[in-house]
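In: Curious how this folds, go ahead:
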Amino acid sequence: MRELEIPSEVKKDENATEMVRFWLANNEPNVSLLLGMWEDAEDSGIDELTAWGNVLSDIAQHIANGMEQSHGWKYEQTMHILMEKFIQCAKDRAPGLDGEYTE
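Out: Numbering: from 1, shown residues only. Purely as a prediction, here's the structure:
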């Protein structure tokens, strides 16, 4: 199995929390999510869906930054393509994309 390195800043924070894992395995996406963290936290005052929207945005921005640094792609153009594709794919739910929520 090919795993990514944990960022050094994460290793320094004893309160770090993993929120998302995404793999391609057997030619299919596989995801593990920590759902309900904000909703279940006492006095968080953070809307769960808004927080996940922020997480998805952070991931997209990291992709655009990384592609700019590694491949010379323009950040704005990469973000535009990512957002267009996200909206298109979100409207057309992927066939066979299912799973189980386990607590």
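In: host element of residue 76?
Out: For residue 76, the host element (DSSP states H and E) is helix 75-91.
In: If we go by neighbour counts, what in the lowest-mean-pLDDT helix or strand in the chain is buried?
Out: Per-element confidence for the chain was summarised using mean pLDDT, DSSP states H and E. The lowest value among helices and strands belongs to helix 37-40, with a mean of 81. Of all the residues in helix 37-40, those buried under the rule 16 or more other Cβ atoms under 10 Å are residue 38. In this view, the C-beta of every residue, glycine as well, is placed from N, C-alpha and C.
In: Tell me which other helices or strands it touches.
Out: Using 3 or more Cβ pairs under 8 Å, 6 or more residues apart in numbering; DSSP states H and E as the contact criterion, the secondary-structure elements in contact with helix 37-40 are helix 48-71.
In: how far off helix 75-91 does the helix it packs on point, in degrees?
Out: Going by axes from the mean of the first three to the mean of the last three Cα atoms, to 10 degrees, helix 48-71 is angled at 130 degrees with respect to helix 75-91.
In: What residues of helix 48-71 count as buried?
Out: In terms of neighbour count (16+ other Cβ under 10 Å), helix 48-71 has its buried residues at 52, 64, 67.
In: and the residue of the chain most remote from its centre, which of the three is it?
Out: Taking Cα atoms, centre = their mean as the measure, the residue most remote from the mean C-alpha position of the chain is residue 43, 24.4 Å away. When states are read from DSSP: H, G, I helix; E, B strand; the rest coil, the local structure at residue 43 comes out as coil.
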